[in-house]
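Enquirer: just the structure for this:
(chains A and B)
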Amino acid sequence: MINENSDIILSVRDLRANVDGTEILKGLNLEVRAGEIHAIMGLNGSGKSTFSKVLAGHPDYEVTAGEIHFKGQDLLELDPHDRATAGIFLAFQYPLEIPGVSNRDFLRVAFNAHRKARGEDEIDVFDFDDLIEEKLNVVRMDASFLDRSVNEGFSGGEKKRNEILQMALLEPALAILDETDSGLDIDALKTVAGGVNQLSTPGNAVVLITHYQRMLDYIVPDYVHVMADGRIITTGGKDLAKELESRGYEWVLKEFRTGVTA
Amino acid sequence: MTSSMAEVRSRMTVDQRDAYLKGLVQRAKAAVPQELALETMRSRAEALLNEHAFPSARDEDWRFTDLADLLAIDFVAAGESSVSEADVADLRLSETAGAQVVVVNGRVSAERSQLQNLPDGVIVGSLRSHPDLQVVERLAQASGHHEVFTALNTVGFQDAVVVWLPRNTVVETPIQIIYVAQPEEPALLAQPRCLVVAESGSALTLIEDFSGPSAAPHFTNVVTELWLDANAQLTHSRIQREGAGTFHIGKTVVTQARDSQYIGTAVDFGSRLARHNWEIYQTGEQTTTKIYGLGAIAANQHIDTHSLVALSHPHGVVEQQHKVIVDDHAHSVFNGRMAVAQKAQLTSASQLNRNLLLSDKARVDTKPQLEIVADNVKCAHGATVSQLQADEIFYLQSRGISAPQAQRLLIYAFAMEMLETIAVETLRSRLAETISQWS
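Expert: Below is the predicted model of the structure:
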């Protein structure tokens, strides 16, 4: 939902970042306001996932230039866990399995870390159980998932639903979904998309990173950006995704190259 | 400085090590109380010691565990000592009330033991209080007694805890043996001994808890013999959390008759050097053996578990998991031997050793040793050494959990898998508490 008067949640200016000394992001600009849903599309290696990791603060990614402001704060100053409690949530492309940590404990510890950061008291086990049972409905997960180790032995779809469950619990101001649709069957995709739609409010924003147009049938973006060679080369509305799906990326890249060289 | 001193000591000659051992044997022997003479058994052990050398790094079994620092101390045999209630109160578990034996420096403390909650016919207490008990076929009769430290204990133990269950007796209350190490000046050799006989069809849960609050030099050389007669069931937790100055050398030998089930969990948190020789001998078919180990060590601690499961009959089931957390300059050694003889057909055996290194100065030596002669068996084994995964930590951080908290959570998860095998809740949660403080 576009509302030009709403608050700017994320502002990225001329962002450059390296991995292992190789520059991957080469001057990326993006502005996201409250209430908006942005899709970032692009070929493999265009820097989409790197951008999501940089936002979350992954230590392997080194920011060399540019700035990121999140709700007015300098994001690059913050440690990963402080970014999370400030309201950034990254749904992982490959959620990690953590044997021995029950999903329930993991979710409670994470939730309490957020409460603590807000200066609130930790929630006790029983109140938390009530809360999480309610959130399970968002992704139609069975309560038995809570007592299994985090993501251990989960199917691909279950892992992605578990990511959305965490999003439902932590209520981020900015959710970045990194290829959450990859490898999902259509039912799981609908469940995940339904969850995201349910969680999307005028006060928060969503950035969807995807290869495929398919998810955008279920989560309708306000903006579609195309990334190539470490920056956003063009931006359009939801129809751009359909065009990319039918015509591929070559024409955009061509237009971009012509534009740059011209 | 210290390392060069250790080198000098480890270059002690064979003669010097023999003289050291002879001295220990003589001092241990002299401290044996008259009413526990047990001459035949003890002189046999002494004869054995005359033929064996004190172990050095040249012995395959001691390759990675250097006893040079122990050899630098002339330990004297412990005598009678007492312990205040305040010193043991925290160690008593609510589940074991009325079934607690307290042992101080190897001797049972009648004053501190509480044994009012046991079924008729079950014997629990000091061997000295049960002089008529027919122990000759059990005490020091298990396989594995011909080893230096076991023989040293046999020569010199001053008391023994006896737990004896008649046929078909089920003891509902877990029995807890609280071994307290109380160092003195000069440093003491304490030699606790424990004999458990579970006659056929009987069942019990046994907790052996070794602790000592002091960091002064001390040498605990303990032997525990567990006899499981036909169809007996024993769940055993062995917790070693002795003081930072203690050398702890322990032997646990389990003899399992047919259809018996042994589930053991050994936890090593304490001591400067702890060696556990854990030996399970099968003497009949269809036995089940499940052994779990958890070590968590830091600073300059050294722990070494040498396990042996010897199978000689068909239809045995063995499951072993051994997990160790190693921080700072600590060093963990694991040698897991499984011997599956020709007759042990249709054995199902698995062994897994996982090590978590928290520092680049920490060291792990691990060796699975499967000796399989039988041809129709299922045996699996594996060993891993890894660090905390940066990606796992980042995943937790990305959910608002700080890096140190994420690290604690992952260490806790690693350890809990082993602690969950401990049946007694209060003990399990106390050990979990210790682990949750680790960082």
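Enquirer: around chain B, which positions in chain A sit nearby?
Expert: A:56-60, A:79-81, A:83-85, A:89-90, A:92, A:95-96, A:98-101, A:106, A:109-110, A:113-114, A:117, A:149, A:166, A:170 (CB under 8 Å from any CB of the partner chain). Every C-beta, even on glycine, is put in place using the N, C-alpha and C of the backbone.
Enquirer: now, these that are in helices?
Expert: With DSSP state H as the criterion, helices contain A:56, A:80-81, A:83-85, A:106, A:109-110, A:113-114, A:117, A:166, A:170 from among the residues of chain A next to chain B.
Enquirer: quick one: low-confidence parts of the chain?
Expert: No chain in the question, so chain A it is. When residues are selected by pLDDT under 70, those of chain A lie in A:260-262.
Enquirer: actually chain B
Expert: The model of chain B has pLDDT under 70 over residues B:1-11, B:439.
Enquirer: for it, which residues are neighbours of chain A?
Expert: Residues of chain B lying near chain A (CB under 8 Å from any CB): B:389-392, B:394-403, B:405-406, B:409-410, B:412-414, B:416-417.
Enquirer: 6 Å - rerun?
Expert: For chain B, the residues in contact with chain A (CB under 6 Å from any CB of the partner chain) are B:391-392, B:394-395, B:397-402, B:409, B:413, B:416-417.
Enquirer: I'd say A:Asn3 and A:Pro202 touch.
Expert: No. If you go by CB atoms under 6 Å, A:Asn3 and A:Pro202 don't touch, sitting 7.2 Å apart.
Enquirer: now do the shared contacts for the two.
Expert: Residues touching both A:Asn3 and A:Pro202 (CB atoms under 6 Å, 6 or more residues apart in numbering or on different chains) are A:Gly35.
Enquirer: what's near enough to touch residue 103?
Expert: Since you didn't name a chain, this refers to chain A. A:Phe145, A:Leu146, A:Arg148, A:Val150.
Enquirer: meant chain B, my bad for not saying
Expert: By CB under 6 Å, 6+ apart, B:Val103 lies in contact with B:Tyr179, B:Pro192.
Enquirer: could you turn the buried ones of the residues of chain A next to chain B into a ChimeraX selection?
Expert: Burial among the residues of chain A next to chain B is assessed by 16 or more other CB atoms under 10 Å in any protein chain shown; the matching ChimeraX selection reads:
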select /A:56,57,58,80,81,83,84,85,89,90,92,95,96,98,100,101,106,109,110,113,114,117,149,166,170
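Enquirer: quick one, strands of the stretch 101-250 of chain A?
Expert: Assigned by DSSP state E, counting those that start in this stretch, the strands in the stretch 101-250 of chain A fall at A:149-150, A:174-178, A:205-210, A:223-228, A:231-236.
Enquirer: correction: the previous question concerned the stretch 101-250 of chain B.
Expert: With DSSP E, counting those that start in this stretch as the criterion, the stretch 101-250 of chain B has strands at B:107-108, B:123-126, B:161-165, B:175-180, B:188-190, B:193-198, B:203-211, B:218-228, B:233-241, B:246-256.
Enquirer: using TSV, lay out those together with distance to B:Asn117.
Expert: Listed next are the strands of the stretch 101-250 of chain B as TSV, based on distance: least, CB to CB, whole Å:
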stretch	distance to B:Asn117
strand B:107-108	17
strand B:123-126	10
strand B:161-165	14
strand B:175-180	10
strand B:188-190	27
strand B:193-198	18
strand B:203-211	13
strand B:218-228	21
strand B:233-241	18
strand B:246-256	25
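Enquirer: mind putting those in JSON lines, mean neighbour count included?
Expert: As requested, the strands of the stretch 101-250 of chain B are exported to JSON lines (neighbours: other CB atoms under 10 Å in any protein chain shown):
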{"stretch": "strand B:107-108", "mean neighbour count": "24"}
{"stretch": "strand B:123-126", "mean neighbour count": "18"}
{"stretch": "strand B:161-165", "mean neighbour count": "24"}
{"stretch": "strand B:175-180", "mean neighbour count": "25"}
{"stretch": "strand B:188-190", "mean neighbour count": "26"}
{"stretch": "strand B:193-198", "mean neighbour count": "24"}
{"stretch": "strand B:203-211", "mean neighbour count": "23"}
{"stretch": "strand B:218-228", "mean neighbour count": "26"}
{"stretch": "strand B:233-241", "mean neighbour count": "22"}
{"stretch": "strand B:246-256", "mean neighbour count": "25"}
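Enquirer: in ChimeraX, select just the buried ones from the contacts of A:Asn103.
Expert: Provided next is the ChimeraX selection string for whichever of the contacts of A:Asn103 are buried by 16+ other CB under 10 Å:
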select /A:145,146,150
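Enquirer: pick out the residue of chain B closest to chain A.
Expert: Here chain B gets closest to chain A at one residue, B:Ala413, 2.9 Å apart by CB to the nearest CB.
Enquirer: hang on, the earlier thing: quick one: which of the contacts of A:Asn103 is nearest B:Ala72?
Expert: Nearest to B:Ala72 among these, counting by CB to CB, is A:Val150 at 47.9 Å.
Enquirer: how about the closest one, what does it touch?
Expert: Residues near A:Val150 by CB under 6 Å, 6+ apart: A:Ile98, A:Val101, A:Asn103, A:Phe106.
Enquirer: state the pair within the residues you listed that is farthest apart.
Expert: Spanning the widest gap among the contacts of A:Val150 are A:Ile98 and A:Asn103, at 9.0 Å by CB to CB.
Enquirer: how about the nearest residue to A:Arg140, chain neighbours excluded?
Expert: Leaving aside its chain neighbours, A:Arg140 sits nearest to A:Thr191 (5.6 Å; criterion: CB to CB, 6 or more residues apart in numbering or on different chains).
Enquirer: near that neighbour, how many other residues are there?
Expert: 21 (other CB atoms under 10 Å in any protein chain shown).
Enquirer: now it: how far from A:Asp181?
Expert: In this structure, A:Thr191 and A:Asp181 are 11 Å apart, going by CB to CB, to the nearest Å.
Enquirer: now do the helices in chain A.
Expert: A:48-56, A:80-86, A:103-117, A:125-136, A:156-170, A:186-199, A:238-247, A:250-261.
Enquirer: my bad, should have said chain B
Expert: Taking DSSP H as the criterion, chain B carries its helices at B:2-10, B:14-30, B:39-51, B:68-71, B:85-89, B:148-156, B:390-397, B:403-419, B:425-436.
Enquirer: pick the most deeply packed of those.
Expert: Of all the helices of chain B, helix B:148-156 carries the top mean neighbour count, a mean of 24, counting by mean count of other CB atoms under 10 Å in any protein chain shown.
Enquirer: how far is it from where the chain is centred?
Expert: Relative to the centre of its chain, helix B:148-156 is centred 15 Å away, using CA atoms, centre = their mean, to the nearest Å.
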